[in-house]
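Asker: can't give you the sequence, but here's the structure:
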């Protein structure tokens with residue numbers, strides 16, 4: 001018959017030798033059976049991390065009980081500290097069952113890992129060891145800063161903005177950034193500024209203002225992150241930006257000016273070089289004004305995009321001061337040094353005033369004032385004479401030196417009416433005629449009221465000048481003469497009378513005022529008035 005032994009839920013301690021003994025009347029028999037119960041390896045009770053780097057760890061462990069089946073392999077499992085053992089970042093390396101040390105590769109720098117080991121045999125996988133925790137060492141950043149951009153904040157400053165490298169490429173706490181910059185068109189090395197992070201680790205956007213840059217210049221920028229180990233790569237490609245425009249910092253060059261006509265000037269110049277233009281040149285501003293002896297005239301301005309200009313509608317034979325400035329979108333730049341030029345000569349205006357006074361039966365004194373606008377260097381005056389004798393017109397003319405403002409016409413006929421007018425001349429020609437005056441030479445003994453051949457004038461002089469105020473008088477009988485200053489008699493300390501003129505040898509500011517000359521005889525009187533303006537000095541129109 002059949003006999004069997006059944007062990008339900010076999011255990012490891014069920015292993016051993018089992019004896020089967022059979023006995024009957026004929027005798028006995030026995031059979032020994034050897035039972036080996038196998039199981040998965042037991043838990044590894046001793047595992048340690050011998051050392052580690054930024055990307056690997058050297059592990060050691062003591063083999064566990066093998067469950068009566070040789071250990072075929074060890075599974076080294078690892079994961080980021082906060083991750084799951086089944087997560088995407090978890091990993092496993094398998095080594096032979098005959099080893100008790102292994103190098104775990106595939107780790108990431110500056111990362112906290114949990115590590116455990118489990119043994120395997122033909123039965124299965126045993127219980128894992130207690131986990132060990134390590135933090136791998138840092139490495140230099142593997143990634144460059146992201147989203148690097150630059151914007152202009154002025155003509156001499158740019159603002160660079162960036163974000164940290166991707167977190168998985170930082171490989172350590174980012175302590176700061178090296179920002180490099182240089183003019184894009186130069187071969188010069190980069191200049192660097194360091195920006196430190198106040199509270200690492202950081203995730204916020206970073207920014208830096210770079211000041212004292214060249215105006216309207218293209219700059220290239222790079223940014224590199226650094227940690228405790230070293231400096232990472234630069235952003236690629238470099239970011240390029242230009243500082244804003246500004247007004248030009250240098251004037252146009254080679255400014256020249258010449259008279260184009262009696263009422264126009266021709267100006268030309270060269271633009272400032274690109275280094276000093278500080279932007280796109282929009283044109284040029286030309287400032288000009290006439291130079292006058294006693295005043296600073298109003299400055300006028302024209303703009304042009306050309307490198308020359310003709311200034312029209314100017315005063316004849318007039319000195320002008322001219323400056324040129326370059327223009328950008330931001331405005332007017334530095335003006336050039338003033339240049340001085342003069343419009344060309346023209347024929348003069350008419351003399352301002354004219355008088356004709358009888359001196360004798362055959363002579364007449366003609367006096368006049370120069371043109372208000374001579375329009376050139378006066379070369380002389382032409383005194384024109386006209387009368388009618390025997391029903392026929394008779395004309396004559398006399399040339400007078402430019403320094404003289406009177407002329408005695410002789411060899412005339414007594415009581416014959418004569419018409420007189422004066423013109424001024426320059427190298428260009430004869431100008432317009434003055435008003436016409438008429439006078440007749442008078443016989444001796446004829447009553448002649450007191451008259452003055454000089455004219456009332458407004459005079460401007462500088463302190464220290466010598467001033468002569470003429471007051472030539474005629475009349476029959478000979479007139480008397482009286483000088484007054486601001487309606488009071490003139491003291492000898494103020495001025496001296498020299499023949500028919502009043503002389504101030506060294507005029508002072510206190511001499512400014514009204515000087516009147518009055519002449520009189522029993523038949524009449526005449527007077528003129530000088531308004532004397534004394535200036536501290538001549539400005540010549542120059543500020």
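Answerer: On my side now, so go ahead. In this text, all values refer to a predicted model and were calculated from it rather than measured experimentally. Residues are numbered from 1 along each chain as shown.
Asker: Next up, the contacts around the residue most central in space within the chain.
Answerer: What sits nearest the mean C-alpha location of the chain, by Cα atoms, centre = their mean, is residue 246, with 3.0 Å. Shown in contact with residue 246 (Cβ atoms under 8 Å, 6 or more residues apart in numbering): 155-156, 215-216, 278-279, 328, 330. Every residue, glycine included, has its C-beta placed from N, CA and C.
Asker: which of the residues you listed sit farthest apart?
Answerer: With Cβ to Cβ as the measure, no two of these lie farther apart than 156 and 328, at 14.5 Å.
Asker: Neighbour count for these two, which is higher?
Answerer: Each of residue 156 and residue 328 has its neighbours counted (other Cβ atoms under 10 Å); residue 328 has more, 21 against 18.
Asker: For the more buried one, which non-adjacent residue is closest in space?
Answerer: residue 279 (3.5 Å; Cβ to Cβ, 6 or more residues apart in numbering).
Asker: Residue 489 pairs with what?
Answerer: residue 484 (DSSP bridges).
Asker: Could you do residue 351 as well?
Answerer: Beta-bridge partners, per DSSP bridges, of residue 351: residue 371.
Asker: Spit out the contact partners of it.
Answerer: Counting by Cβ under 8 Å, 6+ apart, residue 351 makes contact with 368-371, 381, 422-424, 434.
Asker: repeat that for 10 Å
Answerer: By Cβ atoms under 10 Å, 6 or more residues apart in numbering, the residues touching residue 351 are 367-372, 374, 381, 405, 421-424, 431-435.
Asker: Which stretches in the stretch 401-543 of the chain count as strands?
Answerer: With DSSP state E, counting those that start in this stretch as the criterion, the stretch 401-543 of the chain has strands at 406-409, 418-425, 430-433, 437-439, 448-452, 457-462, 467-470, 473-476, 480-485, 488-489, 496-498, 501-504, 513-521, 524-535.
Asker: Deepest-packed of those, please.
Answerer: Of all the strands of the stretch 401-543 of the chain, strand 418-425 carries the top mean neighbour count, a mean of 22, counting by mean count of other Cβ atoms under 10 Å.
Asker: What strands line up against it, and which way round?
Answerer: Counting by DSSP bridges, the strands paired with strand 418-425 are strand 380-389 (antiparallel), strand 430-433 (antiparallel), strand 437-439 (antiparallel).
Asker: Could you dump those strands into a markdown table and include distance to residue 472?
Answerer: Output for the strands paired with strand 418-425, formatted as a markdown table (distance: least, Cβ to Cβ, whole Å):
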| stretch | distance to residue 472 |
| --- | --- |
| strand 380-389 | 17 |
| strand 430-433 | 24 |
| strand 437-439 | 16 |
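Asker: Residue 230 is nearest to which of the ones you listed?
Answerer: Using Cβ to Cβ, the strands paired with strand 418-425 put strand 430-433 closest to residue 230, at 89.5 Å.
Asker: Compare the strands paired with strand 418-425 and give me the one nearest residue 75.
Answerer: Of all the strands paired with strand 418-425, it is strand 430-433 that lies closest to residue 75, at 119.5 Å by Cβ to Cβ.
Asker: picking up where we left off before, of the contacts of residue 246, which is the most crowded?
Answerer: Using other Cβ under 10 Å as the neighbour test, the contacts of residue 246 are led by residue 278, with 26 neighbours.
Asker: Give me the spatial nearest neighbour of residue 169, chain neighbours excluded.
Answerer: Leaving aside its sequence neighbours, residue 169 sits nearest to residue 143 (Cβ to Cβ, 6+ apart; 3.0 Å).
Asker: just checking, residue 33 touches residue 17?
Answerer: Yes. Between residue 33 and residue 17 there is a contact at 7.0 Å, judged by Cβ atoms under 10 Å.
Asker: list the contacts for the residue nearest to residue 210 when sequence neighbours are not counted?
Answerer: Nearest non-adjacent residue to residue 210, counting by Cβ to Cβ, 6+ apart: residue 158, 5.1 Å away. By Cβ under 10 Å, 6+ apart, residue 158 lies in contact with 150-152, 181, 208-211, 213, 217, 219, 221, 239, 241-244.
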